[in-house]
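> Sharing a model prediction with you, sequence too.
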Amino acid sequence: AYIQSRGGKVRGKYGSYLNVKLEEEEEPRCVDWTKLASEWTLDTCEEEEQEIQLSTGGVFEHDVHNAKCMELEKFKANNVYEEVPNEGQSTIGVRWVITKKPSGEAKARLVALGYQEKSANIRKDSPTCHKDSIRVVLTLVAAYKWEVEHIDVQSAFLQGKEITRDIFIKPPPEANSRYLWKLKKCIYGLVDGPRNWYVELKDTLEEQGMKVSKLDDSFLFQKQGESNICGVMVVHVDDLMFSGNKRFHENVVHALKAKFRLSTEVKRNFVYTGLNIKQQGFEYVSVNQLGYIDQIKPISIEAARNSNNSWEINEEERSQLRSACGQLLWAATQTRPDVSYTACIAGSALTKGTVADLKLVNKTIKYMKNNPLVLRYNKVDLKKSAIVVFCDAAFGNMKDGSSQGGHIVFMTERNGNSCPLTWQSKKIRRVCKSTLAAESWAMVEALESAELIWTQLKEMEIEDLIDMSLTCITDCKSLYDAIHTTNTLDDKGLRIPVACLRQRVDNKEIRVRWVRTKLQLADSFTKAGASSKLLCDVLDSGNLPVEFMGLIFNK
């Protein structure tokens with residue numbers, strides 16, 4: 001059996017579930033490993049070194065041996081340990097994990113059994129880049145006509161910061177050593193391995209003048225003078241995506257290559273955190289997940305159950321739905337904002353879903369495959385740019401009577417060139433008594449998302465962005481009128497959020513504009529059946545319609 005992935009969120013209802021693939025079965029199954037382990041007992045015996053092989057079909061024994069030797073050489077090259085006499089020190093077990101690379105070669109990794117170490121007082125957190133930060137980088141790449149690049153650090157954990165506590169391991173037989181190894185750096189399996197690597201990388205980048213964002217520790221930038229930047233970078237463990245001018249490459253990139261061993265270095269066309277990124281000349285950057293979406297499998301529904309949409313789903317269908325929901329949600333949050341609402345609905349159907357929900361998910365999967373979408377990041381003149389957020393809400397349209405809100409945020413300029421920065425479709429947390437209430441709270445959440453991006457851009461103190469405005473577009477005429485009048489609202493629960501919106505408009509911090517529903521790009525974020533054609537056209541072309549330009553840029 002092979003463990004493919006986690007079956008649910010760590011702190012959720014299905015936190016103990018795992019997706020397991022049995023060799024004799026075509027489809028994986030979701031199992032509760034705590035039930036499988038109910039008869040386990042604590043093993044107090046010292047654990048012997050073991051070897052675990054994952055997906056190693058066709059790998060010969062001598063290939064595995066060579067891979068192990070290469071891994072041990074990396075330990076020596078990175079000064080990971082020192083040999084000490086065995087004087088009865090407490091040790092942590094290790095084991096080999098053998099996998100097969102896409103090229104067919106064997107890959108061996110010596111992994112520590114980190115659970116054997118008392119780690120309650122060890123700091124373990126390590127940031128990974130947020131999807132919004134990736135989009136900010138791509139927007140700046142297009143704006144400055146830089147070249148986007150990706151590098152992968154080889155054996156990153158072994159190149160991390162040295163540890164200060166004592167950890168001893170028994171070396172594997174392949175090391176031919178009669179001593180114990182006292183670790184000087186973290187190896188794979190130790191709980192603080194990712195953090196030690198991140199700290200070492202961050203310190204190196206800061207030595208070269210890069211600054212860490214206060215809003216995302218995995219987003220870094222380098223200033224050139226007081227008002228411009230010369231490079232940006234996002235970090236996802238050992239995968240780095242960056243771009244910058246000649247000075248940035250001579251200082252930062254050169255320092256990285258001099259200090260760390262790299263395994264991959266790619267420019268313009270690569271895969272980063274599951275996103276296919278391709279730079280077309282210096283005019284625009286495209287992002288898609290076409291290959292990932294093509295492999296999403298629809299949910300299998302028995303013919304006898306297919307005829308009744310109101311039947312509740314069974315456990316087998318629930319397992320398939322959980323898998324499909326995860327894949328839908330990943331696509332919706334990364335490159336397919338047009339299916340955000342369906343992904344949200346599918347997630348809420350896990351507890352009390354029906355056959356109709358399964359059909360909706362299958363319909364969405366078919367739609368994504370038949371209507372491929374590639375996000376386009378056009379060159380935007382930062383001096384003439386603005387942030388615009390489209391927000392919408394649907395009052396009481398969820399099964400439990402709650403309301404749905406959604407929004408999408410762009411950076412755009414007067415000629416219509418635009419870059420999508422963030423989007424969301426989610427249930428409004430507040431109890432809404434009317435359409436006005438739902439639209440008001442949806443606008444508040446939309447502005448929070450837009451202001452986060454706006455603040456992240458302002459943090460870099462780019463001179464061209466000093467006068468960048470923030471415009472919010474709604475199709476709710478009653479909300480627009482309420483913001484631009486001094487009339488008192490009957491709903492006391494709305495007086496505070498509307499008063500805040502009024503104050504911000506009066507202080508010229510934001511602009512609120514009204515459009516007809518057919519021009520509302522966020523319409524498909526809040527209701528089933530709403531057309532997403534205009535939204536997809538904007539995302540695919542990287543251009544907002546000319547109808548919006550006067551609303552965004554005229555004061």
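Perfect, I can see it now. All figures in this text were calculated on a predicted structure; none of them were measured in a lab.
> use CA for all of it now, contacts and neighbours both
Will do.
> Next SSE downstream of the helix or strand of the chain with the lowest mean pLDDT?
With mean pLDDT, DSSP states H and E as the measure, the helix or strand of the chain carrying the lowest mean pLDDT is strand 50-53 (a mean of 53). Elements were assigned by DSSP states H and E; along the chain past strand 50-53, the next helix or strand is helix 61-77.
> packing partners for that next one?
Judged by 3 or more Cα pairs under 8 Å, 6 or more residues apart in numbering; DSSP states H and E, helix 61-77 is in contact with strand 106-112.
> Touching the strand it packs on from outside, list them.
Contact with strand 106-112 is made by 56, 59, 63-64, 67-68, 71, 92-101, 187-190, as judged by Cα atoms under 8 Å, 6 or more residues apart in numbering.
> and it, how far out from the chain's middle?
27 Å (Cα atoms, centre = their mean, to the nearest Å).
> Direction included, what does that strand pair up with?
The sheet places strand 106-112 alongside strand 94-100 (antiparallel), with pairing taken from DSSP bridges.
> the inter-axis angle of the partner strand versus helix 61-77?
120 degrees (axes from the mean of the first three to the mean of the last three Cα atoms, to 10 degrees).
> can I have strand 94-100 written out in CSV, keeping just the CAs?
The C-alpha coordinates for strand 94-100 follow below in CSV (Å, rounded to 0.1, in the frame of the first residue of the first chain):
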residue,chain,number,x,y,z
VAL,A,94,17.1,6.9,10.8
ARG,A,95,15.8,5.1,7.8
TRP,A,96,16.3,5.2,4.0
VAL,A,97,13.5,6.4,1.8
ILE,A,98,13.9,5.3,-1.8
THR,A,99,12.0,6.9,-4.7
LYS,A,100,12.3,7.0,-8.4
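> For the protein, give me the ranges with low pLDDT.
Scanning the chain with the threshold set as pLDDT under 70 gives 1-2, 4, 10-11, 22-27, 36-60, 227.
> So in this protein, which helix runs the longest?
Ranked by residue count, the top helix of the chain under DSSP state H comes out as helix 435-459.
> buried set for that helix?
Within helix 435-459, the residues that qualify as buried by neighbour count (16 or more other Cα atoms under 10 Å) are 435-443, 445-447, 449-451, 453-454, 456-458.
> Give me the buried subset of the contacts of strand 106-112.
In the contacts of strand 106-112, the ones that pass as buried (16+ other Cα under 10 Å) are 56, 59, 64, 67-68, 71, 92-100, 187-190.
> Now do the strands in the stretch 201-350 of the chain.
Using DSSP state E, counting those that start in this stretch, the strands found in the stretch 201-350 of the chain span residues 210-212, 219-224, 228-236, 239-244, 262-267, 269-272, 275-280, 284-288.
> Include distance to Asp125 when you put these into TSV, please.
TSV is the format used below for those (distance: least, Cα to Cα, whole Å):
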stretch	distance to Asp125
strand 210-212	16
strand 219-224	16
strand 228-236	13
strand 239-244	17
strand 262-267	24
strand 269-272	22
strand 275-280	24
strand 284-288	29
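> Out of these, which is closest to Cys30?
Set against Cys30 and scored by Cα to Cα, those come closest in strand 275-280, at 26.5 Å.
> Next, the buried residues of the closest one.
When neighbours are counted by 16+ other Cα under 10 Å, the buried residues of strand 275-280 are found to be 275-279.
> same question, stretch 137-145
The neighbour-count criterion (16+ other Cα under 10 Å) identifies 137-145 as the buried residues of stretch 137-145.
> what do you get for stretch 492-511?
By neighbour count with 16+ other Cα under 10 Å, stretch 492-511 contains the buried residues 494, 497-499, 501-502, 505, 510-511.
> Can you tell me what sits against that stretch?
Contacts to stretch 492-511, defined as Cα under 8 Å, 6+ apart, come from residues 437, 440-441, 444, 469-472, 482-484, 488-489, 512.
> Can you turn the buried subset of those into a selection I can paste into ChimeraX?
Only the buried entries of the contacts of stretch 492-511 go into this ChimeraX selection, using 16+ other Cα under 10 Å:
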select :437,440,441,469,470,471,472,482,483,512
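> any chance of the contacts of stretch 492-511 in a markdown table, with secondary structure too?
Supplementary listing: the contacts of stretch 492-511 in a markdown table, determined by DSSP: H, G, I helix; E, B strand; the rest coil:
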| residue | secondary structure |
| --- | --- |
| Ala437 | helix |
| Ser440 | helix |
| Trp441 | helix |
| Val444 | helix |
| Ser469 | strand |
| Leu470 | strand |
| Thr471 | strand |
| Cys472 | strand |
| Ala482 | helix |
| Ile483 | helix |
| His484 | coil |
| Thr488 | coil |
| Leu489 | coil |
| Val512 | strand |
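> In CSV: the contacts of stretch 492-511, plus distance to Lys35.
Putting the contacts of stretch 492-511 into CSV (distance: Cα to Cα, whole Å) gives the following:
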residue, distance to Lys35
Ala437, 46
Ser440, 46
Trp441, 43
Val444, 44
Ser469, 56
Leu470, 53
Thr471, 53
Cys472, 51
Ala482, 56
Ile483, 56
His484, 59
Thr488, 58
Leu489, 55
Val512, 55
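> Hmm, Asp125 is touching Asn196, no?
No: with contact defined as Cα atoms under 8 Å, Asp125 does not reach Asn196; the gap is 9.5 Å.
> Compare those two and say which is more crowded by neighbours.
Asn196 (25 against 13; other Cα atoms under 10 Å).
> Checking that one next. Helix, strand or coil?
Per three-state DSSP, the local secondary structure of Asn196 is helix.
> Not counting stretch 438-448 itself, show me its contacts.
If you take Cα under 8 Å, 6+ apart as the criterion, stretch 438-448 is touched by 389-395, 403-408, 428, 430, 432, 472, 476, 479, 494, 497-498, 501.
> Surely Ile473 is in a strand?
Yes: with three-state DSSP as the criterion, Ile473 is part of a strand.
> isn't Trp357 right up against Ala346?
Wrong residue type there; residue 357 is Asp, not Trp. Yes: between Asp357 and Ala346 there is a contact at 6.6 Å, judged by Cα under 8 Å.
> ok, now how distant is the residue positioned nearest the centre of the chain from Ser90?
Centroid-nearest residue in the chain, with Cα atoms, centre = their mean: Lys131, separated by 4.6 Å. In this view, Lys131 and Ser90 are 42 Å apart by Cα to Cα, to the nearest Å.
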